[in-house]
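Participant: Quick one: sequence and predicted model below, then my questions.
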Amino acid sequence: MVKLLSRSPCADLLPCTVGTITMSEVLLDRVMSVAPFAGQAKPTSAALKDQIGLGLSAPGRAVSNRRARVVWAGQRMWLVAADVSLDGLAAVTDQSDAWAILRIEGEGVEDVLARLVPIDLRASTFKGGHTARTMLGHMSVGITRVGAQAFEFMAMRSMAATLVHDLQVAAENIAAR
Amino acid sequence: MRITCPNCGERDRREFYYQGDALALTRPAPDAGPHAWDDYLHNRDNPAGDTQDLWFHEAGCGAWIVVNRNTVTHAIDDTRLAATVKR
């Protein structure tokens, strides 16, 4: 039997520090996409609440507890970081290996992101627990604020190197000012 | 140009894909007859003034959005999720 080695999406790329900005990889054991069937959003939310203690979050919001997290990921779509069983309620797909998740933090992180992201990520409009699907350069990403000066980016695993590279270059340009 | 997505709020135009006239919302019945279907498939108005378009929030939440837009003033006066309009 072949013994396969598992490699994380950003294995050779992170962690990295540029000036005041630190980037590190976030590894989640399970990421399930949950898309409730028509009219089943409320029962799905109730079932999730039973199983992991969190219901479906509102559009643009992410919620978490010690066991799990639920991140709104688009029109009638959520990403749940936990094993869930929602037979008959929602379409559930295991996407555990599909996402590269990057945490970027440090003083001036909003200035770095302002170079790449077309939405206003300042704390006055994009608060703790806010999440957005938008773009980083030309790449589609999910962005969640996880701290006063910390954000998490989710991108397709195949785009991990671009994600790290774009953020790194922006951080270097800010640091050089 | 900025479009207000009902899910995401005001976003830049580059996040959206433009489909065209929102005629998919008025699809004729299967037995409506060849004239109705010919009209649905091929004939489009080209109004100067209020139009109803479908836009796709491609680089955002992935929702189809019905945008009421004025082609003369470029003003957008209403955006709704196509999913809620249809039902």
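Facilitator: Yep, it's here.

Participant: Could you use CA atoms for every contact and neighbour count after this?
Facilitator: Fine.

Participant: biggest strand in chain A by residues?
Facilitator: As far as residue count goes, and with DSSP state E defining each element, the longest strand of chain A is strand A:139-147.

Participant: immediately after the helix or strand encompassing A:L113, which helix or strand?
Facilitator: Under the criterion of DSSP states H and E, A:L113 resides in helix A:109-114. Using DSSP H and E, the helix or strand that directly follows helix A:109-114 along the chain is strand A:131-136.

Participant: strands paired with that following strand, and their directions?
Facilitator: Using DSSP bridges, strand A:131-136 pairs in its sheet with strand A:139-147 (antiparallel).

Participant: Tell me which other helices or strands the helix or strand that comes right after the partner strand touches.
Facilitator: As assigned by DSSP H and E, the chain's next helix or strand after strand A:139-147 is strand A:150-156. Strand A:150-156 is packed against strand A:99-105, strand A:139-147, with contacts defined by 3 or more CA pairs under 8 Å, 6 or more residues apart in numbering or on different chains; DSSP states H and E.

Participant: Can you classify B:D38 as helix, strand or coil?
Facilitator: helix (DSSP: H, G, I helix; E, B strand; the rest coil).

Participant: The residue lying closest to A:V117 once chain neighbours are set aside bridge partners, please.
Facilitator: The shortest distance from A:V117 to any residue other than its chain neighbours is 4.9 Å, reached at A:L136 (CA to CA, 6 or more residues apart in numbering or on different chains). Counting by DSSP bridges, A:L136 forms beta bridges with A:M139.

Participant: With mean pLDDT, mean neighbour count and distance to A:S57 as extra columns, can I get the helices and strands packed on strand A:150-156 in a markdown table?
Facilitator: Conversion of these to a markdown table gives the following (pLDDT from 0 to 100; neighbours: other CA atoms under 10 Å in any protein chain shown; distance: least, CA to CA, whole Å):
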| stretch | mean pLDDT | mean neighbour count | distance to A:S57 |
| --- | --- | --- | --- |
| strand A:99-105 | 95 | 23 | 20 |
| strand A:139-147 | 94 | 21 | 13 |
